[in-house]
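Enquirer: Okay, predicted coordinates and the sequence, questions at the end:
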Amino acid sequence: MAQFDNWPMFQDFSFQEFHFPVDKYEEWEAGRIVASGEVHFDIRFKYNSGGLFH
């Protein structure tokens with residue numbers, strides 16, 4: 001029988017967002033940088049901080 005995560009009924013979600021700017025990329029292959037360059041974008045990530053298991 002399959003086993004799934006259980007979430008308490010009527011549990012509140014608490015979301016937090018963080019972001020970080022990116023200005024460079026590196027592409028690695030077999031332990032060596034094979035490409036790199038300049039980029040300009042901002043990564044934004046939103047996650048659920050409630051219901052974490054410690």
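Expert: Everything's here; your move.
Enquirer: I'd like to know how far the residue nearest the centre of the chain sits from Q16.
Expert: Most central in the chain under Cα atoms, centre = their mean is F45, positioned 6.0 Å from the mean C-alpha point. Distance of F45 to Q16, computed by Cβ to Cβ, to the nearest Å: 9 Å. All C-beta atoms are positioned from the backbone trio N, CA, C, and that covers glycine.
Enquirer: can you pull up the bridge partners for E17?
Expert: E17 has these beta-bridge partners by DSSP bridges: K46.
Enquirer: Check it and give its pLDDT.
Expert: Looking at E17, its pLDDT is 78.
Enquirer: Hmm, it is touching I43, no?
Expert: No. Counting by Cβ atoms under 8 Å, E17 does not reach I43; the two are 10.9 Å apart.
Enquirer: Pretty sure the residue nearest to the centre of the chain sits against H19.
Expert: Yes. Using Cβ under 8 Å, F45 is in contact with H19, at 6.9 Å.
Enquirer: Now do the strands in this structure.
Expert: With DSSP state E as the criterion, the chain has strands at 15-29, 32-48.
Enquirer: and the angle from the first one to strand 32-48?
Expert: In this case it means strand 15-29. Interaxial angle of strand 15-29 relative to strand 32-48 (axes from the mean of the first three to the mean of the last three Cα atoms, to 10 degrees): 170 degrees.
Enquirer: Tell me which residues are up against strand 15-29.
Expert: 33-49 (Cβ atoms under 8 Å, 6 or more residues apart in numbering).
Enquirer: mind putting the strands of the chain in TSV, distance to D5 included?
Expert: Shown next, in TSV, are the strands of the chain (distance: least, Cβ to Cβ, whole Å):
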stretch	distance to D5
strand 15-29	18
strand 32-48	12
